[in-house]
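**Q** For reference, the sequence and a predicted model appear below.
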Amino acid sequence: MTSTTLPASNLANPAPPSAADSQDFTPRYWLFSLPAVLIIASVIVFPWLFTLYMSTQDWKIGGGQEFVGLQNFVELARDPRFIESMGHTFYYTVLAVVLPILFGTAAALVFHREFPFRGLLRTIFVMPMMATPVAVALVWTMMFHPQLGVLNYLLSLVGIGPQAWVYSPNTVIPTLILVEVWHWTPLVMLIVLGGLAGLPKEPYESALIDGANAWHMFRHITLPLVWPFIMVAIVIRTIDALKAFDTIFVITQGGPGTSSETLNIFLYLQAFQFYKIGYASAVVVIFFVIIIMLSLLLLYARQKSKWNA
């Protein structure tokens, strides 16, 4: 059997690669993401840039368009109605986050325990979350009626006089918060309940051996372990409360007067009632900056709330 040996010249000077060998087969994954990038650019980026452009214009529907630079933002800083709406927004957001978090966490602790008809009661408890905000607002509007509403009738049965509810500037926002708490406390309960379902049993067994009571176990075991889930609920509720519009608009339209006018209601009225598109666009820009700053703060708090590895 003979063996074939290559000439030394071929080993020293290998043949140049052919055109097929030199072809670049590097995958170009960015081509697959190009449609999504184009859609995002057309749906999100372009409207934002156009809104930023409109905020520098004195533009009313049916009228001319004039470049005014930062004049709309200067006028907003001097507008007491805008400043009042910012106060209403933060007041509404704080209450709409804190109260559902407290009641939702308490409900999760209750439904985490074993008791008869727990599944049925839990199903009934989460039913408000399934209704649309407009439907919820219409039902509660009828319940808040001073003469025909069922709430004042129930209060009369226990000897309490009729309340003004959403018809008084002093009680309108707390009353709207009542609707918000009823509607979204079940969501917080479900989030926290999911966290409670995954808690280990060993720390509680050790705490019982050491003589810890229920409050100590909740304070030093349950709350730290379930806190990341509570932070998720806080982030979701904050975003939802900041952009609340439908419930407030259906029940009060920002009234009485301007006592429940949040930034969303103020923005809607400026754009679609007063037709001041440039002025409303400036409100959008300021609102967007507020949301970005608050979102970064919440994401930072969410990151710090993770368990230590």
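**A** Structure received.
**Q** Next SSE downstream of whichever helix or strand residue 58 is part of?
**A** For residue 58, the enclosing helix or strand under DSSP states H and E is strand 57-59. Downstream of strand 57-59, the next assigned helix or strand under DSSP H and E is strand 65-67.
**Q** which other residues reach that following strand?
**A** Here strand 65-67 makes contact (Cβ atoms under 8 Å, 6 or more residues apart in numbering) with 56-59, 278. C-beta coordinates here come from the backbone N, C-alpha and C atoms, glycine included.
**Q** What's the mean pLDDT across stretch 207-224?
**A** Rounded to a whole number, the mean pLDDT of stretch 207-224 is 89.
**Q** Check the secondary structure at residue 255 for me.
**A** Assigned state for residue 255: coil (three-state reduction, DSSP: H, G, I helix; E, B strand; the rest coil).
**Q** switch to numbering from 7
**A** Taking 7 as the first residue, the last one we looked at is residue 261.
**Q** JSON lines please, covering the contacts of strand 71-73 and showing pLDDT and distance to residue 238.
**A** Formatted as JSON lines, these follow (pLDDT from 0 to 100; distance: Cβ to Cβ, whole Å):
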{"residue": "62", "pLDDT": "93", "distance to residue 238": "38"}
{"residue": "63", "pLDDT": "91", "distance to residue 238": "40"}
{"residue": "64", "pLDDT": "90", "distance to residue 238": "43"}
{"residue": "65", "pLDDT": "85", "distance to residue 238": "40"}
{"residue": "284", "pLDDT": "93", "distance to residue 238": "38"}
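**Q** which one of these is nearest residue 102?
**A** Residue 102 lies nearest to residue 284 out of the contacts of strand 71-73, by Cβ to Cβ, at 30.3 Å.
**Q** Enumerate every residue touching the closest one.
**A** Per Cβ under 8 Å, 6+ apart, neighbours of residue 284: 60-66, 71, 74, 78.
**Q** could you pull out the helices for the stretch 157-306 of the chain?
**A** Using DSSP state H, counting those that start in this stretch, the helices of the stretch 157-306 of the chain run over 178-203, 208-215, 220-223, 229-248, 252-257, 269-278, 283-310.
**Q** So which other helices or strands are in contact with the third one?
**A** I take that to be helix 220-223. helix 208-215 (3 or more Cβ pairs under 8 Å, 6 or more residues apart in numbering; DSSP states H and E).
**Q** how big is the angle separating the helix it packs on from helix 229-248?
**A** 120 degrees (axes from the mean of the first three to the mean of the last three Cα atoms, to 10 degrees).
**Q** which of the contacts of residue 284 count as buried?
**A** 60-65, 74, 78 (16 or more other Cβ atoms under 10 Å).
**Q** ok, residue 296 to residue 139 distance?
**A** 22 Å (Cβ to Cβ, to the nearest Å).
**Q** With neighbour numbers in mind, choose between those two.
**A** Taking other Cβ atoms under 10 Å, residue 296 and residue 139 do not tie; residue 139 has more neighbours (19 against 15).
**Q** Which pLDDT value goes with the more buried one?
**A** Residue 139 is assigned 92 on the pLDDT scale.
**Q** do you know how far it is from residue 193?
**A** Relative to residue 193, and taking Cβ to Cβ, residue 139 is found at 13 Å.
**Q** Repeat that for residue 55.
**A** Distance of residue 55 to residue 193, computed by Cβ to Cβ: 34 Å.
**Q** So those two - more neighbours on which side?
**A** Neighbour count, other Cβ under 10 Å: between residue 55 and residue 193, residue 193 has more, with 18 against 11.
**Q** so who does that one touch?
**A** By Cβ under 8 Å, 6+ apart, the contact set of residue 193 is 106, 110, 135, 239, 242-243.
**Q** still on that earlier bit, show me which of the contacts of strand 71-73 is closest to residue 130.
**A** Nearest member of the contacts of strand 71-73 to residue 130, counting by Cβ to Cβ, is residue 284, at 48.9 Å.
**Q** got the contact list for the residue nearest to the spatial centre of the chain?
**A** In the chain, the C-alpha nearest the mean C-alpha coordinate belongs to residue 245, at 2.1 Å (Cα atoms, centre = their mean). Neighbour list for residue 245: 297, 301 [criterion: Cβ under 8 Å, 6+ apart].
**Q** do you know how far it is from residue 235?
**A** Residue 245 sits at a distance of 16 Å from residue 235 (criterion: Cβ to Cβ).
**Q** How many residues are close by residue 223?
**A** Neighbours of residue 223 using other Cβ under 10 Å come to 15.
**Q** Over to residue 309?
**A** Number of residues near residue 309 (other Cβ under 10 Å) recorded here: 10.
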